[in-house]
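Trainee: Build me a model from this:
(one chain, ligands or ions: 1)
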Amino acid sequence: MAERRYTEQEEALEISSLRRIISAYMNYHDAAERDVKRYERSFKMLPPAHKELLFNLGLKYQRLRWCISMNASFIMNMLEAFEPPFDMSQDVDGDDHDCGENMHGHCHADCGHSVERGDCSRSSICMNNSELHEPDDCPSKDDKTRELSRESDNKDEAVDMEGCSQLLGDKLGSCHSVDKSCNGDKTVDAADNCQDTDCIACSADENATLQQCLPPSLPLNVPPVDVDKVRCIIRNIVRDWAQEGQKERDECYKPILDELNRLFPNRSKQRPPSCLVPGAGLGRLALEISTLGFISQGNEFSYYMMICSSFILNDTQEANEWTIYPWIHSNCNSLSDNDQLRPVSFPDIHPSSSGITEGFSMCAGDFVEVYNEESHESSWDAVVTCFFLDTAHNIVEYIEIISKVLKDGGVWINLGPLLYHFADSYGPDDDMSIELSLEDVKRVAYHYGFVMEVERMIDTTYTGNMKSMMQNWYRAAFWTMRKNASQSKAGKH
Ligand SMILES: C[S@@+](CC[C@H](N)C(=O)[O-])C[C@H]1O[C@@H](n2cnc3c(N)ncnc32)[C@H](O)[C@@H]1O
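Mentor: Model prediction:
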């Protein structure tokens with residue numbers, strides 16, 4: 001496999017993007033602390049009688065600080081494990097925080113579908129795709145593909161994400177190991193027993209250590225939109241990797257898994273069927289498909305997501321190793337403070353012991369750029385899209401590529417709404433956004449040779465807080481279509 005060479009400019013842009021994302025993660029603690037200070041300022045403005053009535057809020061703010069420290073501690077451990085694909089110590093131009101420039105003109109907040117204050121229903125960040133996907137030295141058949149991988153002694157039991165080390169390269173500059181005393185420790189106290197001063201100290205130490213990994217000029221005061229993205233990731237952890245997300249996974253992932261099971265009844269261990277999962281998020285669906293007996297590849301272009309999924313898939317040692325407090329960032333619609341401050345442990349399963357099928361991988365990069373390559377043509381038995389189709393600038397292009405990568409007779413299983421991510425773009429670049437009705441989406445699919453086999457609507461949430469007084473439901477379209485190349489009208493003009 002030829003080694004992917006980055007131009008200096010490409011590499012500089014990638015480094016800037018990554019720095020921005022690492023900064024956002026590192027800024028998590030400070031941004032959350034600023035929120036608590038704001039609550040405290042409001043509290044101070046209360047007349048004494050009201051303060052007395054709400055004496056419990058003082059304790060709540062202390063508990064919040066404990067929760068923030070726990071979340072920050074998890075984040076710092078995750079960053080410590082992350083091995084960036086570039087030498088992050090080098091000086092590059094363009095380390096500012098102007099969205100459009102630093103993210104190669106593709107920066108997209110993608111939290112536009114927030115349904116609650118401080119609540120993002122989607123999380124993504126666009127990279128300059130060609131740069132992000134290009135492999136350094138990826139063993140994949142596609143030289144545009146870089147796969148996160150991990151060597152494993154026991155191929156049946158560990159997450160084998162081939163090519164990972166090529167993607168990730170050197171470790172963060174001069175990072176030292178991070179104290180795990182605030183998280184990843186079974187003996188952690190509950191938030192209500194917290195010694196908040198200890199925890200704040202722990203988090204501050206970690207911050208100081210990791211900050212050495214970034215150039216001194218890098219401002220840690222990151223834009224609010226980046227802070228939101230980190231909070232979105234925390235909610236995505238619940239969806240994919242916590243027991244609390246099981247109901248949502250049963251709604252979204254189980255129908256897909258049942259369908260794969262039904263459609264591929266005689267899966268051979270020698271020649272397992274292959275399944276591609278574009279927009280794989282934190283990787284749980286791709287992992288579940290792998291444990292069903294498929295060669296499963298998740299594809300994801302957000303470094304926010306990739307950093308986190310890589311940590312969970314490759315670096316967790318046991319089930320429920322980590323504890324986070326995902327719901328602390330919104331004071332709205334809580335039935336009680338305890339609901340808002342409840343802990344969530346993850347991962348609910350130990351990924352490496354979950355019985356994955358050899359060939360499980362996560363491929364970093366833009367779906368359009370990576371899979372439009374000739375090497376992927378007619379190479380997959382199944383494509384699964386879950387809450388992905390509406391991330392397209394041009395959904396027709398997505399469908400065309402899905403058809404192209406499937407073998408003739410292969411199946412496309414989809415579940416999701418049509419909440420087009422770029423529909424409300426106010427960016428200076430005026431992002432393209434083609435927003436079709438479900439009827440038109442199906443018409444386009446038929447044009448590319450798909451035949452509908454199963455179709456229904458499924459009610460579900462996306463990163464929902466099940467204890468919130470506000471619930472947002474999608475009526476998601478679910479279908480199985482089969483590619484029948486002879487039916488395709490594409491290219492027949
Ligand atoms: C709404 S999330 C769904 C994630 C996951 N499928 C799930 O159901 O939880 C959409 C995901 O697609 C990713 N994504 C968006 N556009 C993409 C693209 N062009 N190529 C690869 N991934 C993309 C986003 O980063 C995000 O993780």
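Trainee: I'd assumed Ile413 was in contact with Leu389.
Mentor: No - using CB atoms under 8 Å, Leu389 is not in contact with Ile413, being 11.7 Å away. Glycine gets a C-beta too; all of them are placed from N, C-alpha and C.
Trainee: Helix or strand: which one has Val92?
Mentor: Under DSSP states H and E, no helix or strand contains Val92.
Trainee: measure it to Val222 for me?
Mentor: 17 Å (CB to CB, to the nearest Å).
Trainee: same check, this time on Ser302
Mentor: Using CB to CB, we find Ser302 at a distance of 16 Å from Val222.
Trainee: can you check Pro272 too?
Mentor: Remark: distance between Pro272 and Val222 (CB to CB) = 42 Å.
Trainee: Just want to know which of these two has more residues nearby.
Mentor: Using other CB atoms under 10 Å as the criterion, Pro272 and Val222 rank with Val222 on top: 23 against 19.
Trainee: and the more buried one, what does it touch?
Mentor: By CB atoms under 8 Å, 6 or more residues apart in numbering, Val222 lies in contact with Arg20, Ser23, Ala24, Asn27, Ala31, His97.
Trainee: what helix or strand does it sit in?
Mentor: For Val222, there is no host helix or strand (DSSP H and E).
Trainee: Distance of it relative to Ile22?
Mentor: Using CB to CB, Val222 is found at 10 Å from Ile22.
Trainee: any idea how far the longest helix seen in the chain is from the chain center?
Mentor: When the chain is parsed with DSSP state H, its longest helix is helix 56-81. With CA atoms, centre = their mean, to the nearest Å as the basis, helix 56-81 stands 21 Å off its chain's centre.
Trainee: And it, what does it pack against?
Mentor: Helix 56-81 is packed against helix 8-26, helix 28-44, helix 196-211, helix 303-310, strand 322-324, helix 337-340, with contacts defined by 3 or more CB pairs under 8 Å, 6 or more residues apart in numbering; DSSP states H and E.
Trainee: For the chain, give me the ranges with low pLDDT.
Mentor: 1-6, 93-220, 426-429, 492-493 (pLDDT under 70).
Trainee: same thing but 50
Mentor: Along the chain, the parts satisfying pLDDT under 50 run over 1-3, 96-182, 186-190, 193-206, 209.
Trainee: hey, where'd the helices end up in the stretch 151-300 of the chain?
Mentor: Using DSSP state H, counting those that start in this stretch, the helices assigned to the stretch 151-300 of the chain run over residues 164-168, 196-211, 224-241, 246-263, 284-291.
Trainee: Run through who's touching the fourth one.
Mentor: In this case it means helix 246-263. 239-240, 275, 284-285, 288-289, 292, 294, 348, 382, 384, 386-387, 411, 413, 415, 454, 458-464, 466, 476, 478, 480.
Trainee: are any of these buried, and which?
Mentor: Using 16 or more other CB atoms under 10 Å as the burial test, the contacts of helix 246-263 include 239-240, 275, 284-285, 288-289, 292, 294, 348, 382, 384, 386-387, 411, 413, 415, 460-464, 476, 478, 480 as buried.
Trainee: Show me what from the protein comes close to the ligand.
Mentor: Neighbours of the ligand within the chain, by CB under 6 Å from any ligand atom: 122, 124, 239, 252, 278-281, 299-302, 305, 366-368, 386-388, 391.
Trainee: Just those: which are in strands?
Mentor: The strands, defined by DSSP state E, take in Pro278, Asn299, Glu300, Cys386 from these.
Trainee: Out of the residues you listed, which comes closest to the ligand?
Mentor: Using CB to the nearest ligand atom, Cys386 is the member of these that sits closest to the ligand, with 3.9 Å.
Trainee: ok, back up a step: how about the helices and strands packed on helix 56-81 in a markdown table, adding distance to Glu400 and mean neighbour count?
Mentor: Putting these into a markdown table (distance: least, CB to CB, whole Å; neighbours: other CB atoms under 10 Å) gives the following:
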| stretch | distance to Glu400 | mean neighbour count |
| --- | --- | --- |
| helix 8-26 | 26 | 21 |
| helix 28-44 | 39 | 15 |
| helix 196-211 | 42 | 18 |
| helix 303-310 | 24 | 25 |
| strand 322-324 | 39 | 24 |
| helix 337-340 | 45 | 17 |
